[in-house]
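> give me the fold of what follows.
(chains A and B)
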Amino acid sequence: MRIPLQELGFKESTYERPNQAWVCGWAKDGDPCKHGPDGNGRCTAHAQAICQPRGDGDRWLCTRADAFGGSCTEGPRPDGSCSCPTPEHLVCQPTRSLRAKRGLLVKLVAAATFGFLVLMLGDPWRQGFVSPGELSSVHLAIEGTAGEENCMTCHSAGSQGPAAWIETLLTASDDGEDHHNRSEQCLACHFKDGEIAREQAMLVHGVASGQLERVTLIAQSPNPDQSPEKPSVEIQANVDVTVVGASVIGATTSQLILADLVHGPIEDKPEIACSNCHQEHRGINHDLRLMDDVACQVCHQQSFESFNFGHPRFTQVPRQTGGISFDHAKHEERFESGKMNCAGCHSLDSQGHTMEVKSFENACEGCHEQRSTDHHGDVIKKNTLLMIQLPEIEFEDDAYWPVDYAYGESLTPMMTMLLAGDDEALPLLEKIYDEDGAAGDLYEWLIETDDNDEPALRVELAMALKRLIAELADDSKDGAKARIDRLASALGTTVDDMHVQHLANDLASANFVMLIFKQLYLPQVDADLAGEDVSAEDDDQPETQWMTSATTAGWRVDFDDASVSYRPLTHGDSLLKDWMEALKIHSTKPAVDVTNRKSEIRAGLQKHIYAELKSDFNACTKCHTQEEQTINWNAAGRASGFSGYTKFNHSPHIAMLPDQDDCMTCHVLNTGSANDLSMPRGFLPHRNERCESCHAPGKANNTCLNCHQYHKLRP
Amino acid sequence: MKTFRFRLFWAIIASLFLAILFVVGMLSYKIVLHNTAFISGWILLVMVLVLTLFNVRKKLTYPPLFKSATWMQFHIYIGALSVLVFLLHTEWHLPNGVFESIFYCLFVFVAGSGVIGIYLTRTIPRQLAGRGGEVIFERIPMFLKELREQAEGLVIDSLQFNDSTIIADFYNTKLAAYMSAPRPVSLRVFRHDRLREEYQAELKALHRYLSDEEQEVAEKISDVLALKDVLDFHHGRQGLLKAWLFVHIPLTYAVLLFMVVHLVLVHAFYGGM
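Below you'll find the predicted structure:
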């Protein structure tokens, strides 16, 4: 039943004005005056009592409103003025209405907030106040200069004040240039040393778009020879592109469909600012590399639901060349018999990521020991390399030349290379190695000189050889400098070149041997070169000398052949390595100055020498494969180098193996036919199922970033 | 005329449609590595400004930009959407920094007080109607005074019977304080009728010592107590209807100020990392 608390009728109820700022002070006691205070909060009790009397003939009538008490009993004065009777209400202290109190509170809060912000945005609290939170652990070490906060290390605004910030807001734009400039602070530390990498840092995957297209074409092409641009990696034919669960529609695929509907295909992605992916100030434990799987797939042409549903088979991983060539499949019997095991040759790196190949001495020498019949290194030791041998030359006139000890029928590769460093000998070498003439056959060239009646050329060649012998035997500083200059000229490079320096050191170790050689066969060569009249008939009878001291290890003078030869003593012989590398790199230099005749002749000679020595180097290159301009002295590691976007951590996986040496759980030897699709070094491709058995929803991490990295070059 | 349920249904449908549209848009932009924080931030700024304009609109009598009730409807649904935009803008992360934590808390308080306000404005009128009577909040003290005077008059009347002071003594010791002012806020808001029931029970217990006339007076006093209780209930509930705005509106202006500074900061500091 409704109880009438009050009458709200027109006549029974007065009009309330809740919008008014002041209310009567008696209101809280339930007895407010009718009019209430004025707009300035002053009591109007007295004013309510006063009226403007109305004249009625010769009388004055009180006009006080009923609401203020009605006509007073005293009535107006005779002169028509109000007699100001006692007001109906006592004077009160008006109070603010609820609405006014709320308005006042709004102003107070706004003023307090403004004051607080002004205070906190001033020094010295500004940096700490505006900082959006603690940096991640990788950036915690960033420190500014002494006495300053570290905001300005990454943010130029960190050293500015609110006025500059407002200016930035007013001038900020959303174009690509602005994004680029704002990421410069990141790049100032990351990619510090790689100019190209820095320029491309904000491109998709940090590489030029053309490179990504090439990777895509390589992955899609069954035959690399038909690719628009032949890749630097080898691809096996008949790539199996079958994928399991590619048609599964799940959360990832749904989002991809959604993105496709909203944006269409992502074809030309502009630069991406660092902060789009790397969210800082999320606390010390925040991982800056976090990225959604769907964000990876939105650009990739072959989309799939997850690693377990639709991920391309590992058979699509291209085969990688490079590194030491070692076919594990050929050693299958040894693996099975237990004579070989993985740990014998491999060990985890310090971070536990990669299985490194142990050194030759620790990994290979156990079986391929020196002097064993199957060791290619032994072939090198048995077949000494002929370095210096005086060629058999007849002269029309008298010339200082040990005719009785000059057995050579041609110039050795070492002699040719060193003679190429002698500008005076260069024209002779050009004729000797002329493809339309002697083509490197010294005997043929000597006949040519007879036919052309050019006996002086023989003398010139002898003089060039004598200068070479004298120089190689010279152990003075001048001799060393002369050899460096000769090598630099021969290789077409500068004296500072690493290979020149290495070879010069190698030749210096042969000083003593060359001195013996000179004393044995050309004892008067210095006098001869000085222009004195000397004769070979005055030379002493030479005797056999073997050089076995530490400084001349490997070098020897062979009395039977009147030659100097070199025999490597151990695997990784420095002279052979330096010589191979120098010839390989300098003979395959792409830019030859064709306007410089000497440079052109030397480039041709280098190629000729390298081709001639290839058979000698076979013992090395059987394992140490050759690239375009380099020789792989070390193991290449795993095949992740193909795209640069994959990673694998061996350590936790090894810990999961029942037997820690049972690497073949994942690395299965390819013992089938040669046409099988295989990964490098005699292994079959990895099987997705092996990984999927653990890396699945609810089990081990199966996100993209668990095995892939966005940046090819780690920033 | 469209019913309340009809309007509610379509308002919720429209809000859900806008919410889904926004979530889908943000998600699709985020997938392609766009920085969605700026987009959602600007949208949130506009929403907060529109929400604040409701307060301005209430103060303006001209021009007649829709009815205040229409604004209220928009205020509620835009407010609800702004919470969603806020959560997406902050990526469901709690802030770490001082400024952002304060800003975050202010927004949560404003939004939270708004939600409480909606609940109060939807439930209290029904409660008030259920307790009977309509009374203007500002007049409650006046009616309380009238009830007090009425009760005191009844007490004086009781003195004329047999010179008994039982009712007068009881009033002086127990009811005078109760009738003199509204009860404490906590009692008004929560256990509003327990004290009244106790007093009425005690008054009933006095009947054995009272004459018939006095018992009649005691019954009337009990009725006055019931009315006083209703008034207290109105005072408490209507007070709540006004009190939540003391949190909601002042903090809104604090949010606006923080929002301006936040806008400046994110543009000045964006992109370094």
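> so what are the domain limits for the chain?
With no chain named, the answer covers chain A. According to automatic domain parsing, chain A comprises the domains A:1-120, A:173-354+A:637-715, A:376-621.
> chain B is the one I meant
B:4-131+B:244-269, B:137-241.
> in a markdown table, list the ones you listed along with mean neighbour count and mean pLDDT.
Every C-beta, even on glycine, is put in place using the N, C-alpha and C of the backbone. Supplementary listing: the domains of chain B in a markdown table, determined by neighbours: other Cβ atoms under 10 Å in any protein chain shown; pLDDT from 0 to 100:
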| stretch | mean neighbour count | mean pLDDT |
| --- | --- | --- |
| domain B:4-131+B:244-269 | 16 | 89 |
| domain B:137-241 | 17 | 85 |
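> now tabulate those domains in a markdown table and tack on distance to chain A.
Converted to a markdown table, these look like this (distance: least, Cβ to the nearest Cβ, whole Å):
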| stretch | distance to chain A |
| --- | --- |
| domain B:4-131+B:244-269 | 2 |
| domain B:137-241 | 3 |
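> would you turn these into JSON lines with distance to A:Ala482?
JSON lines is the format used below for those (distance: least, Cβ to Cβ, whole Å):
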{"stretch": "domain B:4-131+B:244-269", "distance to A:Ala482": "62"}
{"stretch": "domain B:137-241", "distance to A:Ala482": "104"}
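> which residues of the stretch 51-200 of chain B fall in helices?
Remark: helices assigned in the stretch 51-200 of chain B by DSSP state H, counting those that start in this stretch are B:68-89, B:98-130, B:140-158, B:166-170, B:176-180, B:185-189, B:194-205.
> for A:His653, which of these is the nearest?
helix B:68-89 (38.5 Å; Cβ to Cβ).
> return the distance of the closest one from the chain's centre.
18 Å (Cα atoms, centre = their mean, to the nearest Å).
> do the same with stretch A:205-214
14 Å.
> buried residues, that stretch. List them.
Within stretch A:205-214, the residues that count as buried by 16 or more other Cβ atoms under 10 Å in any protein chain shown are A:His205, A:Gly206, A:Val207, A:Gln211, A:Leu212, A:Arg214.
> same deal with stretch A:420-432?
A:Ala420, A:Gly421, A:Asp422, A:Ala425, A:Leu426, A:Leu428, A:Leu429, A:Glu430, A:Lys431, A:Ile432.
> so the fifth one touches A:Lys598, yeah?
Which is A:Leu426. Yes: A:Leu426 lies in contact with A:Lys598 (Cβ atoms under 8 Å); the separation is 5.8 Å.
> now do the helix or strand that contains B:Asp223 against helix B:194-205, angle only.
Applying DSSP states H and E as the criterion places B:Asp223 in helix B:212-243. Orientation check (axes from the mean of the first three to the mean of the last three Cα atoms, to 10 degrees): helix B:212-243 against helix B:194-205 gives 180 degrees.
> which of the helices of the stretch 51-200 of chain B sits closest to A:Asn688?
helix B:68-89 (35.7 Å).
> by contact count, what packs against that closest one?
Counting contacts by 3 or more Cβ pairs under 8 Å, 6 or more residues apart in numbering or on different chains; DSSP states H and E, helix B:68-89 is packed against helix B:4-31, helix B:36-59, helix B:98-130.
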